[in-house]
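>>> Pasting a predicted model and its sequence here:
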Amino acid sequence: MVQRLAVDAERRRDLLHREFVAVDISADKLTEFAASLEGHIDAEIVTVAGDITTQESVDAIVAAAGERIDALANVAGINDDFSPLHETTDAVWDCVLAVNVTGAFRLTRAVLPAMIAAGAGSIVNIASEAGLRGSASGNAYTTSKHAVIGMTKSAAFMYGPNGVRVNAVAPGGVATGIPFPPHVSEAGQARLQPFQASIPTLATAEQLAASITFLLSDDGVKLNGVVLPSDGGWSVQ
Ligand SMILES: NC(=O)c1ccc[n+]([C@@H]2O[C@H](COP(=O)([O-])OP(=O)(O)OC[C@H]3O[C@@H](n4cnc5c(N)ncnc54)[C@H](O)[C@@H]3O)[C@@H](O)[C@H]2O)c1
């Protein structure tokens, strides 16, 4: 068993020996990220600053990846303003759905041909506790994360026969400093507060990454269409 776990750990480490394309809308964050990895991993990091909601950026990301694409993690996402539906503005709705759903959709659509041609691939979408229930965030974010789970399940079903696995991680709270819009709904926040307060623990970004790389790697070999809560047990309360 110990030997088996060592092999599994080695396989996950193998992910770190390949070429990566790191993407963010913020060029500064990307530069900081690439610098933080220098000397720590034996892999080439190509950075692409772009907005995943635009086809132009998606084309640039896929071009940077080259012909072989083993894996895609759809991580970029934004918060809503905790507003209940009747308070949600068009701006909040459009922006949240564009980044959280349309961006992941466009990137996934762009990488699938290479994965199908190779007969192998692994995609992990980052959903949220708000993709599992209605009491974790505002209406737009909750809708977007339920959509991410629907997109995951449909793609898992459609591309399983092609050797492509599509799974989702549903994080609880993660200490990343994900920003909130400048104005947060008072009514929404008050309604959500008791449920958000029951979160067992905040995860670190590294702890969440462990769930993502597990599903992304060959360790997830038989997992397809799974929604993995990575939340310290919040979703079972
Ligand atoms: N932090 C949490 O508590 C938490 C909880 C549940 C789910 N999540 C999800 O985890 C994922 C990562 O969130 P995080 O906490 O690391 O947030 P974060 O704000 O730290 O990171 C998200 C990154 O996405 C980038 N981004 C935003 N819009 C973009 C766009 N249009 N194109 C390209 N990049 C864009 C941002 O610049 C940022 O660097 C998101 O999908 C989020 O919804 C986070």
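Happy to help now that I have it.

>>> starting at the chain centroid, how far to the longest helix seen in the chain?
Counting by DSSP state H, the longest helix found in the chain is helix 139-159. How far helix 139-159 lies from its chain's middle: 11 Å, per CA atoms, centre = their mean, to the nearest Å.

>>> could you give me the average pLDDT of that helix?
Helix 139-159 shows a mean pLDDT of 99.

>>> what comes up buried for it?
139-149, 151-153, 155-156, 159 (16 or more other CB atoms under 10 Å). The C-beta positions use only the backbone N, C-alpha and C, and glycine is treated the same way.

>>> quick one: contacts for the residue of the chain found nearest the ligand?
Proximity of the chain to the ligand (CB to the nearest ligand atom) peaks at Gly77, 2.2 Å away. With contacts defined as CB atoms under 8 Å, 6 or more residues apart in numbering, the neighbours of Gly77 are 99-100, 126, 128, 144, 178.

>>> Quick check: next helix or strand after the longest helix of the chain?
Sequence-wise, the next helix or strand beyond helix 139-159 is strand 164-171, with elements assigned using DSSP states H and E.

>>> contact partners of that following strand?
By CB under 8 Å, 6+ apart, strand 164-171 touches 108, 112, 115-116, 120-129, 131-132, 145, 148-149, 152, 155-156, 159, 203, 208, 211-212, 215, 220, 223-231, 235.

>>> any chance you could map the strands in this structure?
20-24, 45-49, 71-74, 121-126, 164-171, 227-230 (DSSP state E).

>>> so what's Phe180 closest to, chain neighbours aside?
Sequence neighbours aside, Asn79 is the residue nearest to Phe180 in space, at 5.2 Å (criterion: CB to CB, 6 or more residues apart in numbering).
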